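Engineer: Structure, please.
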Amino acid sequence: MTEESNLQDDALDLLRILNAAICDHVKSALKSNKLKTFYLAEQLVTIEGFTYDEKGPRYTQSSHESVIRTDWRPAASQLFPDIKQLAVYPDTEVFLQRTFQHEHTESLLEQFTSQSLISQLEASGNNNAEEQEKQALLLIRDLKKEPSPAIATVFLSGLTLESDKIQLDESTSIRQTTTADLLRKDVESDIKNMLPLPSAVMVTSCMARNGVVGSLHGESKRHIRLLGIYRVMSIKQEYREEAVVTTRSGNRAYTPYTRNLRAWKTHYMTKDEEPALFYFLAHFRIPPSLAEGSRQDQFSTAYDRYQEAIMESGIAERRIANAIMGIEALLSNNSIEIKFRVGYRAAKLLRFCGLNALDQRALLSNAYDVRSKYAHGDFLAERDINKYVRLFGSLDQFAYLVVDCLRKLFIICSQISLGKDELLGQLDDAMIAPESSEKINQLIKPLIPLINFTTGLSGSFLNDQHY
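Structural biologist: Numbering: from 1, shown residues only. Predicted coordinates for the structure are as follows:
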């Protein structure tokens with residue numbers, strides 16, 4: 001064994017002795033009946049009839065019962081000075097300081113001692129050796145300044161799962177909502193009651209130094225963004241809880257501001273489509289301009305319009321208008337004949353992916369008409385609504401098809417190895433130059449698996465050919 005290992009074993013032995021001394025002192029104090037305690041009233045919630053399916057979690061009823069819990073923190077504070085007077089306490093502090101030379105040895109040991117007191121008071125003086133050993137090892141890890149496990153639990157709307165759990169990568173998974181998620185005490189009830197039931201839960205873990213969990217934010221946001229591009233789904237974070245396993249800090253929860261919008265489109269992730277999801281996660285590259293603080297370009301503009309289309313509440317015309325603006329950001333470089341140029345370019349690109357070019361052009365032509373009326377403060381006449389219902393089934397389905405068209409074009413344009421001007425030039429040349437058409441075709445072929453044409457929207461989707 002190395003000298004470092006020997007020193008760590010000696011430190012563990014001292015912490016075990018300290019824990020045993022704390023246990024004896026707690027037993028004596030409990031017998032004296034002179035400890036200061038508070039009593040807290042808590043609401044014990046019981047949920048009945050919980051189910052989870054493609055529509056998300058539901059339950060038939062919940063019941064609430066008030067229970068009284070003893071708060072042992074005042075008693076721990078009362079006993080703490082006595083523990084510091086025990087001979088083993090200063091001996092342990094001096095040894096830990098000399099061995100690990102951590103600038104916060106004193107406060108770390110105080111926190112460890114307070115936690116040990118509370119734990120043993122809650123256990124009526126019975127020493128939980130396994131838990132105390134775990135806390136001792138945790139203290140030593142903190143003294144050695146080793147990274148600490150950190151976990152972010154993100155409660156989502158807009159996505160439901162057939163599988164109980166899907167492992168997205170080594171650090172992140174998504175799972176079905178459980179009854180325990182609805183009974184969490186780390187989010188204030190008055191806030192939680194304002195939010196919809198989370199339809200899925202994302203869990204991201206990492207190793208954090210000094211309690212810094214910035215990478216958790218980034219990984220959670222990245223996966224939510226990827227899922228939203230993978231399919232048209234109104235996926236968003238409702239609230240999140242973070243936990244860093246250190247001696248000095250326990251769980252901490254926070255709820256960001258939310259406008260409490262219900263999901264427009266909730267996507268049901270089946271087991272059969274999971275391979276397509278894994279392929280997408282492994283091969284799709286998020287454009288750098290989507291990062292916070294980056295300079296805006298056609299991709300960030302298109303993505304912002306896509307997000308507004310799938311998240312904003314309101315009428316179908318608004319979603320269609322946002323989607324058209326996003327498509328224009330990708331496929332327009334001037335305002336000359338913009339309806340014709342954008343419609344042609346979009347249809348050409350999507351034809352290379354196996355879609356009916358005439359249908360795609362007709363879809364966008366109709367969408368442009370809607371956008372024009374909406375932008376000028378006009379509303380759809382009844383004859384217009386009847387036309388779009390006849391063509392697409394409903395206004396909502398019409399909006400979905402236009403938004404999904406933006407999603408597919410965003411994937412193509414952001415992943416193809418051509419700059420915007422070169423891509424648009426090649427598309428325009430493809431009208432008369434077969435070699436330009438073939439070049440784009442070869443560049444798009446590897447991207448086809450990312451587009452997800454397994455949704456049943458490929459081929460012809462129009463119900464009437466007279467458009």
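Engineer: Look up how far Leu30 lies from the residue nearest to Arg285 when sequence neighbours are not counted.
Structural biologist: Nearest residue to Arg285 in three dimensions, chain neighbours excluded: Gln415, at 6.5 Å (C-beta to C-beta, 6 or more residues apart in numbering). Just so you know, the C-beta spots here come from the backbone N, C-alpha and C atoms, and that holds for glycine as well. To Leu30, Gln415 is 66 Å away according to C-beta to C-beta, to the nearest Å.
Engineer: now swap in Tyr368 and tell me
Structural biologist: Taking C-beta to C-beta as the measure, Tyr368 falls 77 Å from Leu30.
Engineer: and what of Asp297?
Structural biologist: For Asp297, the distance to Leu30 equals 67 Å [C-beta to C-beta].
Engineer: and what of Thr92?
Structural biologist: Look at Thr92 and Leu30: by C-beta to C-beta, they are 23 Å apart.
Engineer: and these two? which has more neighbours close in?
Structural biologist: Thr92 (22 against 15; other C-beta atoms under 10 Å).
Engineer: hmm, who's touching stretch 359-374?
Structural biologist: Applying C-beta atoms under 8 Å, 6 or more residues apart in numbering, the external contacts of stretch 359-374 come out as 316-318, 320-321, 323-325, 327, 339, 342-344, 346-347, 350-351, 379-380, 384, 388, 391, 398, 401-402, 405, 460-462, 467.
Engineer: With stretch 412-420 instead?
Structural biologist: 284-285, 287, 298-299, 302, 330-331, 333, 349, 353, 423, 426, 443-444, 447, 450-451.
Engineer: Give the buried subset of the residues you listed as a ChimeraX selection command.
Structural biologist: Buried subset of the contacts of stretch 412-420, written as a ChimeraX selection, criterion 16 or more other C-beta atoms under 10 Å:
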select :287,298,299,302,330,331,349,353,423,426,443,444,447,450,451
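Engineer: What's the per-residue pLDDT of the residue nearest to Arg285 here?
Structural biologist: Looking at Gln415, its pLDDT stands at 95.
Engineer: Torsion angles phi and psi at it?
Structural biologist: The phi/psi pair for Gln415 (degrees, to the nearest 10) reads phi -110, psi -20.
Engineer: So what's the residue count around Gln176?
Structural biologist: Using other C-beta under 10 Å, the number of residues around Gln176 comes to 20.
Engineer: same deal with the one 4 residues further on?
Structural biologist: Counted by other C-beta under 10 Å, the residues lying close to Ala180 total 9.
Engineer: for Tyr279, same thing?
Structural biologist: Neighbours around Tyr279, by other C-beta under 10 Å: 14.
Engineer: Check Thr270 too.
Structural biologist: Thr270 has 12 neighbouring residues, counting by other C-beta under 10 Å.
Engineer: Which pLDDT value belongs to Ile444?
Structural biologist: 92.
Engineer: Now do the contacts for it.
Structural biologist: Ile444 is in contact with 349, 352-353, 412, 416, counting by C-beta under 8 Å, 6+ apart.
Engineer: Among those, which lie within helices?
Structural biologist: 349, 352, 412 (DSSP state H).
Engineer: of all those, which comes closest to Ile174?
Structural biologist: Lowest distance from Ile174 to the ones in helices among the contacts of Ile444 (C-beta to C-beta) belongs to Ile412, with 26.1 Å.
Engineer: Apart from its neighbours in sequence, what residue is nearest Ser300?
Structural biologist: In space, and not counting its chain neighbours, Ser300 is closest to Ser289: 4.3 Å by C-beta to C-beta, 6+ apart.
Engineer: What ranges in the chain fall below the confidence cut-off?
Structural biologist: The model of the chain has pLDDT under 70 over residues 1, 184-196, 210-214, 248-262, 293, 452-467.
Engineer: Can you pull up the most central residue in it?
Structural biologist: Ser220 (4.2 Å; C-alpha atoms, centre = their mean).
Engineer: Check the gap between that residue and Phe278 for me.
Structural biologist: For Ser220 relative to Phe278 (C-beta to C-beta), the value is 19 Å.
Engineer: Could you do Leu197 as well?
Structural biologist: The span separating Leu197 from Phe278 equals 27 Å under the rule C-beta to C-beta.
Engineer: cool, and Glu42?
Structural biologist: 42 Å.
Engineer: Look at the two and report which has more neighbours.
Structural biologist: The residue with more neighbours, out of Glu42 and Phe278, is Phe278; 14 against 11, by other C-beta under 10 Å.
Engineer: That one: helix or strand, and which one exactly?
Structural biologist: Assessed by DSSP states H and E, Phe278 sits inside helix 274-283.
Engineer: for that helix, packing partners?
Structural biologist: Judged by 3 or more C-beta pairs under 8 Å, 6 or more residues apart in numbering; DSSP states H and E, the packing partners of helix 274-283 are helix 214-230, helix 448-451.
Engineer: Name the surrounding residues that touch the shortest one.
Structural biologist: Under the contact criterion C-beta under 8 Å, 6+ apart, helix 448-451 has outside partners 276, 279-280, 283-284, 353-354, 408, 411-412, 415.
Engineer: For Ala87, list the residues it contacts.
Structural biologist: By C-beta under 8 Å, 6+ apart, no residues touch Ala87.
Engineer: For this structure, just list every one of the strands.
Structural biologist: Under the criterion DSSP state E, the chain contains strands at 38-48, 51-53, 56-58, 61-71, 148-157, 159-161, 165-167, 172-176, 200-208, 236-244, 251-254, 267-269.
Engineer: now, of these, which is deepest in the fold?
Structural biologist: Of all the strands of the chain, strand 159-161 has the most neighbours on average by mean count of other C-beta atoms under 10 Å, namely a mean of 24.
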